[in-house]
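>>> sharing a model that was predicted from the sequence below.
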Amino acid sequence: MKFFKYLLFFLLIIIIGTAIYIATLPGNYDVKSSKIMKVHASLIFENINDYKNWQHWGPWYEIDSTIVASYPEVTSGVGASYSWTGKEGTGSMKTISVVPNKGLIQQIDFGTGTTPEVYWDITETETGNKVTWGMRGESSFSEKAYWLTQGGIEKNMKPMYDRGLELLEQHLLAEMDKHSFKIIGEVDYGGGFYLYQSISCKIDDVDKHMSEMFKNVINYMDENAIEPSGKPFLLTHNWDSANNTTMFSTGVPVKERIITTDDVLTGFLEPQKTFKTIFYGSYQYSHEAWEAAYKELTEQGFTALETSEPFEVYSVRPTDNPNPAKWVTEIYIPIN
């Protein structure tokens with residue numbers, strides 16, 4: 001009997017000692033991870049601000065395939081929320097603070113009695129936007145005891161945030177890379193006056209020159225209070241793939257003929273019959289739409305004019321939307 005008394009007494013001492021040790025452990029924590037992404041801040045923010053997007057990159061879905069998320073009417077902005085169930089239990093989250101394109105503060109509830117803050121921070125750097133995702137709060141006694149048996153909250157949570165940021169970047173890049181086109185067919189293009197600049201250059205240098213030339217034309221119009229009457233366009237005068245050279249003009253439509261006194265000139269695009277295709281996506285894939293357009297117009301019995309100058313109209317361009325998948329380019333090929 002004495003042995004069992006001593007054993008119980010010993011176990012009691014261990015239990016009390018362990019409880020005292022756990023109680024004295026620091027409860028505050030701040031676990032976070034960061035990753036630099038070459039993605040526009042508005043695209044990052046737009047994605048993390050809406051809980052419905054989290055299903056595309058949330059790292060917990062890799063761990064627990066039984067997770068089912070439920071969404072209320074409001075899933076983005078202050079007051080937004082969502083909840084979930086899985087093999088580890090249930091939980092919920094709500095957004096309590098929003099700074100557009102800069103960061104978020106959310107409150108998460110695992111049903112343990114505490115509601116730590118989940119936070120996001122987006123900071124511009126020379127190499128991209130630094131995205132920080134973390135969680136901070138104060139553990140209860142039971143939570144400290146749990147994390148003690150698991151090796152600590154940092155050891156368990158940081159890999160989750162590391163993986164989450166990796167998946168988020170992959171998802172964003174994949175979304176930005178989406179592209180497609182739609183064949184419209186024969187249309188009459190009205191033509192009209194436009195202000196422009198021209199250049200002959202290597203095909204590889206088109207994007208660099210095009211950006212600067214559009215800027216020059218638009219600045220000239222702003223300085224002289226000239227209103228555009230349509231979307232900017234690129235008119236191709238010559239395209240020599242064999243020698244990697246091209247000559248083109250960047251233009252902006254205007255209502256009437258304007259006498260210019262600078263290196264910005266006035267041109268006139270004749271009304272003409274064209275074969276139209278609409279391309280959606282980054283310019284690096286626009287050749288796919290051009291090739292399909294030439295093939296389709298031939299199959300429909302049209303012939304591209306040999307002396308014609310095809311052109312692109314930029315309905316939605318980078319200055320309108322930072323997401324390449326949202327860019328819209330109208331392709332016009334003059335035909336007989």
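Yes, it's here.
>>> check which element follows the helix or strand bottoming out on mean pLDDT in the chain along the chain.
Among the helical and strand segments of the chain, the one scoring lowest on mean pLDDT, DSSP states H and E is helix 2-24, with a mean of 46. Next in sequence after helix 2-24, counting helices and strands by DSSP states H and E, comes strand 28-37.
>>> mind listing what's buried along that following strand?
For strand 28-37, the buried set under the neighbour-count rule, 16 or more other Cβ atoms under 10 Å, comprises 29, 31-33, 35, 37. For the C-beta atoms, the positions are set from N, CA and C on the backbone; glycine is no exception.
>>> three-state assignment of Gly230?
Assigned by DSSP: H, G, I helix; E, B strand; the rest coil, the conformation of Gly230 is coil.
>>> what sits against the nearest residue to it once chain neighbours are set aside?
In space, and not counting its chain neighbours, Gly230 is closest to Pro253: 3.4 Å by Cβ to Cβ, 6 or more residues apart in numbering. By Cβ atoms under 8 Å, 6 or more residues apart in numbering, Pro253 lies in contact with 192-194, 228-231, 233.
>>> so which of those wins on neighbours?
The residue in these with the most neighbours, by other Cβ atoms under 10 Å, is Tyr194 (25 neighbours).
>>> can you list the weak-confidence ranges in the stretch 101-250 of the chain?
Applying pLDDT under 70 to the stretch 101-250 of the chain flags residues 139-156.
>>> quick one: the strands in it?
Listed in chain order, the strands of the stretch 101-250 of the chain (DSSP state E, counting those that start in this stretch) span residues 103-109, 117-125, 128-138, 180-189, 192-202, 233-240, 245-253.
>>> what residues are bridge-paired with the residue lying closest to Thr260 once chain neighbours are set aside?
Among residues not flanking Thr260 along the chain, Thr266 sits closest, at 5.8 Å (Cβ to Cβ, 6+ apart). With DSSP bridges as the criterion, Thr266 is bridged to Leu195.
>>> quick check, Thr266 in contact with Ile259.
Yes: between Thr266 and Ile259 there is a contact at 7.2 Å, judged by Cβ atoms under 8 Å.
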